[in-house]
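A.B. asks: The following block contains a protein sequence and its predicted model.
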Amino acid sequence: MIVKKKKGFYTYTFYNCIYIKNPSSLRQKIRKQAENLKIIGTIILTEEGINSTISSESKKNLDSMILLLEKKFGRIVFRDSFSEKKPFKRLKVKVRKEVVPSNTEILINKSTSNYIKPEKWDDFIKQKFVLTIDVRNEYEVEVGTFNNSISPKTKNFKEFNEFINNSKNDFKNKKIAIFCTGGIRCEKASALFLHQGFEDVYQLEGGILNYFDKANDKKNFDGECFVFDERVTVDKNLSPGDYTQCFACRRPIAKRDSNRPEYIEGISCHNCIDEKTDKDRKRFAERQKQNNLKN
C-alpha cells in the first residue's frame, strides 16, 4: 500500500535559553543552513538563547535543521503542527538583545524556573491559592485564554514588568501560575517576578501549544490561540483557526468581522479605524495594491 505524502507545511516552534557569546557571528551560517534546507520562518538569536518558528514542506528538512541548531544551542524540544496554508512568506534570521524584549536588563535564568506539565495544569490552577496570569498581549487574550485567568492588559511584553510593579499586593500569599503561547515569554516573566521578590512562580511547560498537544481535557481553555505566522490562530487540535489578520494594525480579527464597514483589506479594521491617520491609510492602500499585483 502506497501512503500519499500530505501536501502542505510542517511547522516547528521552539526555544532554548542558553548563554551564547556574540550571537551575531552565527547569523549568516544559520541563514545559509536554513536556506539550503528550503526552510522559511523566523529565527531570533540573542545572548539569552534562541527563539524560533520554522516551517517547510519537508519534515525531514526541519529535523535536519534542528540537529544543526542543537550543535550550538543544546537539546531543543519543539512543538509541531501541520497546515495546508503556507505559514510564512520567507526566512528571517534576526539578532536581538533579549530573546523576548522586556525593556529591562534582567536576563533569563532557567535554573530558577518551575514547570507544570500540561497534563497537570488544569488541576494545578484550580487550587484555592493559585493566581493564574496570562502573560500575553491583550489582543491575544481576546482570541482565547484559560478560564478565570488574569490578563495584564498589555499592548506588548515591554509593559509586563510595570504590571508586576502595580499588582504586588495582589500576589501576596499566592502561588503564581503563568502561561503564554509557547513558553518563552514565561521564561522572561519568571525572571521578572523573581527580580521583584516573588519565588512561588510556576509556568505551563511549553505554553498553550504544548497544552493543546498533550492535555487530555482542554475544556478549561476558551477560544483559540494566536500564533505569529500566516495561520493567525490555531484551534485546540493545532489546526488553523477561524481568525484572519488586519495588516494595518496586525491584530487578529474574527472572520465575521471582515463584514463590518470598518474593514478594508490591508487598510483598516474596527480595532484600528480610529488609530490610524489618512496618511497611514493612503500608505496601506498603496501597499495592498502592490500585494494584489504580486498575487
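C.D. replies: Sure thing, it's come through.
A.B. asks: List the buried residues in the longest helix along the chain.
C.D. replies: Residue-count comparison of every helix in the chain, with assignments taken from DSSP state H, identifies helix 278-294 as the longest. By neighbour count with 16 or more other Cβ atoms under 10 Å, helix 278-294 contains the buried residues 281, 284-285, 288. For the C-beta atoms, the positions are set from N, CA and C on the backbone; glycine is no exception.
A.B. asks: contacting residues around residue 146?
C.D. replies: The contact partners of residue 146, taken as Cβ atoms under 8 Å, 6 or more residues apart in numbering, are 125, 132, 134, 179, 220-222.
A.B. asks: among those, who's most crowded?
C.D. replies: Neighbour counts for the contacts of residue 146 were taken using other Cβ atoms under 10 Å; the highest belongs to residue 179, which has 30 neighbours.
A.B. asks: Contacts only, for that residue.
C.D. replies: Residue 179 makes contact with 121, 132-135, 146, 149, 186, 203-204, 207-208, 211 under the criterion Cβ under 8 Å, 6+ apart.
A.B. asks: Next up, phi/psi of it, please.
C.D. replies: Main-chain dihedrals, residue 179, degrees, to the nearest 10: phi -150, psi 160.
A.B. asks: ditto for the one 10 residues further on
C.D. replies: Recorded main-chain torsions at residue 189 are phi -60, psi -40, according to degrees, to the nearest 10.
A.B. asks: now do residue 122
C.D. replies: Taking degrees, to the nearest 10, you get phi -60, psi -40 for the backbone angles of residue 122.
A.B. asks: what residue ranges in the stretch 151-295 of the chain score low on pLDDT?
C.D. replies: In the predicted model, the stretch 151-295 of the chain carries pLDDT under 70 at residues 295.
A.B. asks: Okay, helices next: where are they in it?
C.D. replies: Counting by DSSP state H, counting those that start in this stretch, residue ranges of the helices within the stretch 151-295 of the chain are 160-166, 168-171, 184-195, 207-214, 278-294.
A.B. asks: With distance to residue 140 added, can I get the ones you listed in a markdown table?
C.D. replies: A markdown table is the format used below for the helices of the stretch 151-295 of the chain (distance: least, Cβ to Cβ, whole Å):
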| stretch | distance to residue 140 |
| --- | --- |
| helix 160-166 | 13 |
| helix 168-171 | 21 |
| helix 184-195 | 10 |
| helix 207-214 | 10 |
| helix 278-294 | 22 |
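A.B. asks: So for residue 26, which of the ones you listed sits nearest?
C.D. replies: helix 184-195 (18.2 Å; Cβ to Cβ).
A.B. asks: returning to that earlier point: got a winner among the contacts of residue 179 for most neighbours?
C.D. replies: For these, counting by other Cβ under 10 Å, the largest number of neighbours falls to residue 208: 31 neighbours.
A.B. asks: Start and end of stretch 247-259, how far apart?
C.D. replies: 16 Å (Cα to Cα, to the nearest Å).
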